[in-house]
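Trainee: pasted the sequence and its predicted model underneath.
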Amino acid sequence: AQSVTQLDSHVSVSEGTPVLLRCNYSSSYSPSLFWYVQHPNKGLQLLLKYTSAATLVKGINGFEAEFKKSETSFHLTKPSAHMSDAAEYFCVVSDLDDYKLSFGAGTTVTVRA
Amino acid sequence: SAVISQKPSRDICQRGTSLTIQCQVDSQVTMMFWYRQQPGQSLTLIATANQGSEATYESGFVIDKFPISRPNLTFSTLTVSNMSPEDSSIYLCSVEDPGPSYEQYFGPGTRLTVT
């Protein structure tokens, strides 16, 4: 079974500073990996996805993530945080056989003015 | 992409009663999924619903408690039966992307509170 571990339950940054959300995955073969964002009282939105193409993946709203097989990591970054980035972020791995998604525990991002 | 709607968006129910949640997709999809998000927690897959066959439940979830219907390729329902306060959660449905990316599109969720 595949799984993901989000290493930080809560990240607090100042507006305009970089954001780093860490995610490690466990997989017996090459996985599909995703980052989803959930704003308060809103639905889940896909930020970006890795599906065995380029290892550096660019997503929406200035986010990007790098797939590192040797480190089994898929960390999410943004060079400059905005107040609107305050949300819950989920790292997710897909089981290629049956499309099931396994969610990490989530990282809450707060942005200080 | 797919646009998904859910009804109701929220409800407050008394313990011992049942609630049926509807999920409607704007295109035909093979696989639909139901997730539960307990307060302050991540998402947990309840079951996978394919049209024309019985839903497949994950460990810890049973059909008697969470019966699912999938009458066609654009619609599914999840019933939360004999509710208790522990069932207070957000329930989300999702569908798979028909392409090779394996991503899923999520509905807005149904926020259930059981008193």
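Mentor: It's in. Residues are numbered from 1 along each chain as shown, chains lettered A, B, ... in the order given.
Trainee: helix, strand or coil for the most centrally placed residue in chain A?
Mentor: Closest to where the C-alpha atoms of chain A average out (C-alpha atoms, centre = their mean) is A:Trp35, at 3.5 Å. Assigned by DSSP: H, G, I helix; E, B strand; the rest coil, the conformation of A:Trp35 is strand.
Trainee: ok, now the one 10 residues further on?
Mentor: Judged by three-state DSSP, the three-state class of A:Gln45 is strand.
Trainee: so in chain B, where's the weakest helix or strand by average pLDDT?
Mentor: With mean pLDDT, DSSP states H and E as the measure, the helix or strand of chain B carrying the lowest mean pLDDT is strand B:104-106 (a mean of 90).
Trainee: helices or strands up against that strand?
Mentor: Counting contacts by 3 or more C-beta pairs under 8 Å, 6 or more residues apart in numbering or on different chains; DSSP states H and E, strand B:104-106 packs against strand B:89-96. The way it works is simple: take the backbone N, C-alpha and C, and place the C-beta from them, glycine included.
Trainee: direction included, what does the strand it packs on pair against?
Mentor: strand B:31-37 (antiparallel), strand B:104-106 (antiparallel), strand B:110-114 (antiparallel) (DSSP bridges).
Trainee: residues contacting that strand, please?
Mentor: Residues external to strand B:89-96 that are found in contact with it (C-beta atoms under 8 Å, 6 or more residues apart in numbering or on different chains): A:43-44, A:99, A:101, B:2, B:4, B:6, B:21, B:23, B:25, B:29-39, B:43, B:46, B:76, B:78, B:80, B:102-112.
Trainee: filter those residues to the buried ones?
Mentor: The neighbour-count criterion (16 or more other C-beta atoms under 10 Å in any protein chain shown) marks A:43-44, A:99, A:101, B:2, B:4, B:6, B:21, B:23, B:25, B:29, B:31-37, B:43, B:46, B:76, B:78, B:80, B:102-112 among the contacts of strand B:89-96 as buried.
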